[in-house]
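Asker: Next one to model:
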Amino acid sequence: VSAASVCAALLPFCGGGSATKLRTAAMLFDPAGDGLLTRGALEAWLQAHFKIMYFVHPGMRQQLGLTEDEAAATVVDEAFAAPKSAAGSLSTEEARDVDE
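Answerer: Take a look at the predicted model:
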């Protein structure tokens, strides 16, 4: 498990709103430093997120009926189905729109 994954998994428990957490995730998973989340970066972050959420909320896996990887892939598919994501990456604002 990478340090970035651990940090990202703990983001839901940190202060600040969704926009702040998404900017932080972008910094953790954005090697180019351009503030954009690629499909792979968003999926890596969400896999870490769902792993910690399933650990903290044991009934969540059964409620969603998806593994961590499946849940992450579902959210990523939804995010990248939006017309703005044609460039292959999402800005934190676009990702926040999916989150809300």
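Asker: got the buried residues for stretch 3-11?
Answerer: Of all the residues in stretch 3-11, those buried under the rule 16 or more other CB atoms under 10 Å are 4, 5, 7, 8, 9, 11. In this view, the C-beta of every residue, glycine as well, is placed from N, C-alpha and C.
Asker: In the protein, spot the helix with the most residues.
Answerer: In the chain, with assignment by DSSP state H, the single longest helix is helix 39-56.
Asker: Okay, strands next: where are they in this structure?
Answerer: Secondary structure of the chain (DSSP state E): strands at 36-38, 89-91.
Asker: Run a quick neighbour tally on residue 40.
Answerer: By other CB atoms under 10 Å, the residues close to residue 40 number 12.
Asker: For residue 81, state which of the buried residues of stretch 3-11 is nearest.
Answerer: residue 8 (22.4 Å; CB to CB).
Asker: show me what contacts that closest one?
Answerer: 24, 25, 28, 29, 44, 45, 48, 49 (CB atoms under 8 Å, 6 or more residues apart in numbering).
Asker: hang on, the earlier thing: kindly reformat the buried residues of stretch 3-11 as a markdown table containing distance to residue 68 and pLDDT.
Answerer: Below are the buried residues of stretch 3-11 laid out as a markdown table (distance: CB to CB, whole Å; pLDDT from 0 to 100):
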| residue | distance to residue 68 | pLDDT |
| --- | --- | --- |
| 4 | 16 | 75 |
| 5 | 11 | 74 |
| 7 | 17 | 79 |
| 8 | 13 | 74 |
| 9 | 10 | 73 |
| 11 | 15 | 78 |
